[in-house]
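Trainee: Attaching a predicted model along with its sequence, questions to come.
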Amino acid sequence: QVQLVESGGGLVQAGGSLRLSCAFSGRTFSTSAMGWFRQAPGKERGFVASISSRGGTINYAGSVKGRFTISRDNAKNTLYLQMNNLNPEDTAVYYCAAAVGYLGPPSTQEVDFGSWGQGTQVTVSS
C-alpha cells in the first residue's frame, strides 16, 4: 500500500517562494512516475507538473512553466515542487500523485495516477 504525504504548504506573499515535499512510503518510488496537481476554490483539480521515474522527462502546465520546478530524490523517496514568483492565482490545495510501477513518459492526466496524498494548502496573498 503506497502512502503519500505532502508538506511545505503555507501562506506567502505574491512574488514569494515555497517548496513542497511529498514523502512516498513503499519500495516502488524509483519505479513510479510522479505528479503534482492542484485544486483552487470552486474549480476542478488540474495538472501542475509530472516527472518520470528517473527524472529524465518532465512536463509542466503552461501557467507554471518557468516558475515551478518539479524534482525527485529516489534515494530519499521524496518528490519536490519548488514554486517561485507565486501569485494569488496559485492559491490552491496541492496534491502529490503517483503512477506506481509506471516507467514510461509521465502523464498529465489525473486518471493515470492511482495513488494520491491528502493535499497541502498554498495561499498566496496579494
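Mentor: Looks like it arrived, so ask away. Numbering: from 1, shown residues only.

Trainee: going forward, measure contacts between C-alpha atoms and count neighbours the same way
Mentor: Noted.

Trainee: Confirm for me that residue 10 is in contact with residue 121.
Mentor: Yes: using Cα atoms under 8 Å, residue 10 is in contact with residue 121, at 6.2 Å.

Trainee: Please identify which of those two sits among more neighbours.
Mentor: residue 121 (19 against 14; other Cα atoms under 10 Å).

Trainee: What's the per-residue pLDDT of the nearest residue to the more buried one once chain neighbours are set aside here?
Mentor: Closest residue to residue 121 apart from its sequence neighbours, by Cα to Cα, 6 or more residues apart in numbering: residue 93 at 4.4 Å. If you check residue 93, the pLDDT there is 98.

Trainee: same for whatever helix or strand residue 93 lives in, what does it pack against?
Mentor: Take DSSP states H and E as the rule and residue 93 turns out to sit in strand 92-99. Counting contacts by 3 or more Cα pairs under 8 Å, 6 or more residues apart in numbering; DSSP states H and E, strand 92-99 is packed against strand 3-7, strand 33-39, strand 115-116, strand 120-125.

Trainee: Would you reformat the ones you listed as TSV and include distance to residue 101?
Mentor: Formatted as TSV, those follow (distance: least, Cα to Cα, whole Å):
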stretch	distance to residue 101
strand 3-7	14
strand 33-39	8
strand 115-116	11
strand 120-125	24
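
Trainee: Understood, closing this out.
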